[in-house]
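>>> Coordinates for the following, if possible.
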Amino acid sequence: MSWSNGRAVIVSRRGGPEHLRVLETRFPDPAPGSVRMAVQAAGVAYGDVLLREGLVPKTSYPVTPGYDAVGVVDAVGEGVTSPALGQRVLARTEGRGGYATHVQVSADFTVPVPADLEAGALVALPLNYLSAWQMLTRVALTPAEGTVLVHGAAGGVGSALVELARLRGLRVIGTASAARLPALTEQGASAVDRGGDWVRGVRALAPGGVDTVFDGVGGFTSRRSFALLAPGGHLVVYGITSGLAGGRRSPAALARTAAGTLRQSALGLFSKGLGIDGYMSATYVPAHPRRFREDLTELVALLQRGAISPTIAARLPLERAQEAHRQLAGGVSGKIVLEVAPA
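This is a model prediction of the structure:
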């Protein structure tokens, strides 16, 4: 077996951003069915924070975070016919490995991409935009010209939901902090300050209710949002950021989230004509590799045509992963990208 030398961000143990360290690492040849990529850029996500904080089941340390990466295939495992050696690809990991100069991924979760597309925009697609696209097109089909409510609408997945929902002709109401409301308005959304009485604000904009709510906050936010649904509406829960406090594991925040969790029986949903759906990318994507490739290919085509333009909150070198996590905890508009210099 041959090895490639490089660098990786390692989480040494559960805790804060200070436990992220860049270490010299050796990367083995890929296993059968997999490829190894020389990474050009990696995305930073809340899932990485959950991994660092010990909130992802079956995590053992040390571990390298990173769900999404773009780069060039530099080794091909046995049985792989596509992608080819030297081909540029966009990839989705199993939730680990992206923060590195090299990463091994299943060939089933790669999509070839043109050499001229910018790496930062591309790396916003496999997690943020794919999650948004699949929720809009596969989980909760909102009626044409319907109204959707997006919580955390200035964040990574939230801003993708706003852009893609608008692209599909939907009316969008988005909640965000006061400082980020102008950005939402520029995207064409009706912006509501989440720090105020956002329920009242949404009711004023949609007196008859909204068709779909996309909630990555969870807890009491889900409960209050359910009451805002129009007949036939759906609540889609895709995250529990309310379980963190300042980007850190918090027993008190987790307890509040659990206490506020919406509980509805099947009979109750039937009688109200409403639906609740859950979307967990870490579960849905591995179960449906064909859908992953189809949907990501469509998103790359939209990017290439200029139909979508991912918001990049920050571009930082791999060595500043700690800062990336601190920025994410403080709230950002769009995607944070780690740019990777060649090994």
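>>> Next, the residue nearest the centre of the chain: secondary structure please.
With distances taken as CA atoms, centre = their mean, the residue of the chain nearest its centroid is residue 128 (3.4 Å). The local conformation at residue 128, judged by DSSP: H, G, I helix; E, B strand; the rest coil, is helix.
>>> which residues does residue 95 contact?
47, 51, 56, 65, 67, 282 (CB atoms under 8 Å, 6 or more residues apart in numbering). In short, each C-beta sits where N, CA and C put it, glycine included.
>>> tell me the two of those residues that are most distant?
65 and 282 (12.7 Å; CB to CB).
>>> Find residues that contact each of those two.
Joint contacts of residue 65 and residue 282 (CB under 8 Å, 6+ apart) are 47, 95.
>>> Between the two, point out the one with more neighbours.
residue 65 (29 against 13; other CB atoms under 10 Å).
>>> residues touching the closest residue to that one other than its chain neighbours, list them.
Excluding the flanking residues, the one nearest residue 65 by CB to CB, 6 or more residues apart in numbering is residue 48, at 3.9 Å. Residues counted as contacts of residue 48 (CB under 8 Å, 6+ apart) are 65-67, 99, 325.
>>> Looking at the residues you listed, which are in helices?
Applying DSSP state H to these, the entries found in helices are residue 325.
>>> Would you point out the most distant pair within the contacts of residue 48?
Farthest-apart pair in the contacts of residue 48 is 67 and 325; separation 13.9 Å (CB to CB).
>>> who's more crowded, these two?
residue 67 (29 against 25).
>>> pretty sure that one contacts residue 128?
No - taking contacts as CB atoms under 8 Å, residue 67 lies outside contact range of residue 128: 9.5 Å.
>>> residues shared between the contacts of the two?
43, 45.
>>> how about residue 18, secondary structure?
Strictly by three-state DSSP, residue 18 counts as helix.
>>> need the contact list for it.
residue 322.
>>> Tell me the spacing between it and residue 12.
The gap separating residue 18 from residue 12 is 10 Å, by CB to CB, to the nearest Å.
>>> OK, contacts around residue 342?
Per CB under 8 Å, 6+ apart, neighbours of residue 342: 38, 101.
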